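1. Output the structure for:
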Amino acid sequence: MTTEANTEMISELTKTVSNLQRDVESLKEDKDYLYRKLEKAYDDRIQLRAENQKLKNPVNHNNEEEECIACSA
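-> The predicted structure is shown next:
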């Protein structure tokens, strides 16, 4: 191979590496974005489950107080 061919090959490889580095950075940003969205979805799910649990099992504090008063009488 000639020096010119080697220089051209090195130039092409340098461009390829540069493009790959840019792609990797873009993928990292996408991954971070998706992890933030996933974390938000988990947090929302936890809140919705807690709210659902409250709706399924409402706590009536007045009844508990009345029972305690009745027990102590």
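2. Flag the helix or strand of this structure with the lowest per-element mean pLDDT.
-> helix 61-72 (a mean of 56; mean pLDDT, DSSP states H and E).
3. low-confidence ranges in the chain?
-> When residues are selected by pLDDT under 70, those of the chain lie in 60-73.
4. could you pull out the strands for it?
-> Counting by DSSP state E, the chain has no strands at all.
5. Now for residue 57, how many residues are close by?
-> 7 (other CB atoms under 10 Å). The way it works is simple: take the backbone N, C-alpha and C, and place the C-beta from them, glycine included.
6. now it: how far from residue 46?
-> In this view, residue 57 and residue 46 are 17 Å apart by CB to CB, to the nearest Å.
7. next one: residue 19
-> Counting by CB to CB, the gap from residue 19 to residue 46 is 41 Å.
8. Please apply the same query to residue 4.
-> 63 Å.
9. before we move on, what about residue 52?
-> Residue 52 is 11 Å from residue 46, by CB to CB.
10. now residue 39
-> Distance of residue 39 to residue 46, given as CB to CB: 11 Å.
11. Then residue 37?
-> For residue 37, the distance to residue 46 - CB to CB - is 15 Å.
12. Kindly report the same for residue 30.
-> Residue 30 is 25 Å from residue 46, by CB to CB.
13. Could you do residue 13 as well?
-> 49 Å.
14. Return the distance of the longest helix along the chain from the chain's centre.
-> Longest helix of the chain, by residue count under DSSP state H: helix 3-56. Its chain's C-alpha centre and that of helix 3-56 lie 11 Å apart, by CA atoms, centre = their mean, to the nearest Å.
15. tell me which strands and helices that helix is in contact with?
-> Contact here means 3 or more CB pairs under 8 Å, 6 or more residues apart in numbering; DSSP states H and E; on that basis helix 3-56 packs against no helix or strand.
16. Now stretch 22-37 - C-alpha only, PDB.
-> Extracted C-alpha coordinates of stretch 22-37, given in PDB (Å, rounded to 0.1, in the frame of the first residue of the first chain):
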ATOM      1  CA  ARG A  22     -21.300  10.600  18.400                       C
ATOM      2  CA  ASP A  23     -23.700   7.600  18.100                       C
ATOM      3  CA  VAL A  24     -22.600   6.300  21.500                       C
ATOM      4  CA  GLU A  25     -23.200   9.700  23.100                       C
ATOM      5  CA  SER A  26     -26.600   9.900  21.500                       C
ATOM      6  CA  LEU A  27     -27.500   6.400  22.800                       C
ATOM      7  CA  LYS A  28     -26.300   7.400  26.300                       C
ATOM      8  CA  GLU A  29     -28.600  10.400  26.200                       C
ATOM      9  CA  ASP A  30     -31.500   8.200  25.000                       C
ATOM     10  CA  LYS A  31     -30.800   5.700  27.700                       C
ATOM     11  CA  ASP A  32     -30.800   8.400  30.400                       C
ATOM     12  CA  TYR A  33     -34.000   9.800  29.100                       C
ATOM     13  CA  LEU A  34     -35.700   6.400  29.100                       C
ATOM     14  CA  TYR A  35     -34.500   5.600  32.600                       C
ATOM     15  CA  ARG A  36     -35.900   9.000  33.800                       C
ATOM     16  CA  LYS A  37     -39.200   8.100  32.200                       C
END
